[in-house]
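Asks: Okay, sequence plus prediction incoming.
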Amino acid sequence: MSFEEERQIARRRRGRPRTFVRSAASACVLGALAIACAGCAGVKGGDNANLILGKQLFVAKCGSCHTLARANTKGIVGPNLDEVFRTSLAEGLQRNAVRTVVEGQVQNPNSTGIMPAGLASGQKLADIAAYVAQAAANPGQDTGLLASAVEAPGSGKPAVEKAGKLDIDANPSGQLAYTTSKAEATPGAVTITMANMSGVSHNIAIEAGENGATAKGAALGASSFITKGTTTVTVNLKPGKYTFFCEAPGHRAAGMYGTITVKP
């Protein structure tokens, strides 16, 4: 069942076959729930959904496939969730209906699609759906506890080569990023080890120049792809700038890259 079909079902359940009536109450449903307070266990949404856990679970389980701006995920395999719901929300779709759609999609994934069955259930699914309902097509950034629920991609300390060895790990939470976007090395042979505990297949490749998301020239070397475990690549580096990146389709464009600076 497609997202459009799910939206139609949600509409019929609420007795609105074609159009929606705008109301002030709809803007409050699952909205503005980022509450920062001393001793808070989490941010609560409708039906006691925990939006902090929902954001963390969404990034870990869904972020490699879906774009959702507030979660800072840029997956391109599945639908862009901001765009999927933008028009319907503008027409008056309530955010609790978005939650219904998300829960339905996860519980009954398209058999010809790539979403796996059993991705989430029970309270975990409720948390994910509540966060997506709050975040989808919602301008701005998460605030309060939600803002720090997931570490920003590539925000770790620079990786530093020691005795010819350099560790640059894939983000363990499932983000299309490495744990750092910067690394330092000295000239010579360098073995780069990438640990990947995310469950999403990644590798690490090296390219001359500081090229960001755009490939320029052939890779100097690339590791094998790994889902759970570690992989390595050895390259000979001269003084200058290099780009490390993942060769999985769409991963580099989504932000899975960084810069190695090699100083004499």
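Replies: Ah, there it is. Since this is a predicted model, take the numbers as computed values, not measurements.
Asks: alpha carbons only for contacts and neighbour counts from here, please
Replies: Fine.
Asks: what's the average pLDDT for stretch 243-263?
Replies: Stretch 243-263 comes out with an average pLDDT of 95.
Asks: Mind listing residues that contact it?
Replies: Defining contact as C-alpha atoms under 8 Å, 6 or more residues apart in numbering, one finds that stretch 243-263 is touched by 74-76, 176-178, 180-187, 201-214, 237-242.
Asks: at 6 Å what do you get?
Replies: When contacts are defined by C-alpha atoms under 6 Å, 6 or more residues apart in numbering, stretch 243-263 is touched by residues 74, 176-177, 181-186, 203-207, 210, 213, 239-242.
Asks: Start and end of that stretch, how far apart?
Replies: Stretch 243-263 stretches 15 Å from its first residue to its last (C-alpha to C-alpha, to the nearest Å).
Asks: How far away from the center of its chain is that stretch?
Replies: The chain centroid and the centroid of stretch 243-263 are separated by 16 Å under C-alpha atoms, centre = their mean, to the nearest Å.
Asks: before we move on, back to that, mark which of the contacts of stretch 243-263 are buried, thanks.
Replies: For the contacts of stretch 243-263, a burial check counting by 16 or more other C-alpha atoms under 10 Å picks out 74, 176-177, 181-186, 203-207, 210, 213, 240-242.
Asks: residue boundaries of the strands in this structure?
Replies: Assigned strands in the chain, in chain order: 67-68, 73-74, 159-160, 165-167, 182-185, 188-196, 205-208, 221-222, 229-237, 240-245, 257-262 (criterion: DSSP state E).
Asks: Export the ones you listed as TSV, with columns for distance to residue 51.
Replies: Shown next, in TSV, are the strands of the chain (distance: least, C-alpha to C-alpha, whole Å):
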stretch	distance to residue 51
strand 67-68	14
strand 73-74	16
strand 159-160	32
strand 165-167	33
strand 182-185	31
strand 188-196	26
strand 205-208	35
strand 221-222	38
strand 229-237	30
strand 240-245	31
strand 257-262	29
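Asks: which one of those strands has the lowest average pLDDT?
Replies: In terms of average pLDDT, strand 73-74 trails the rest of the strands of the chain, at a mean of 92.
Asks: Which strands border that strand, and is each parallel or antiparallel?
Replies: If you go by DSSP bridges, strand 73-74 pairs up with strand 67-68 (antiparallel).
Asks: Alright, I will stop here.
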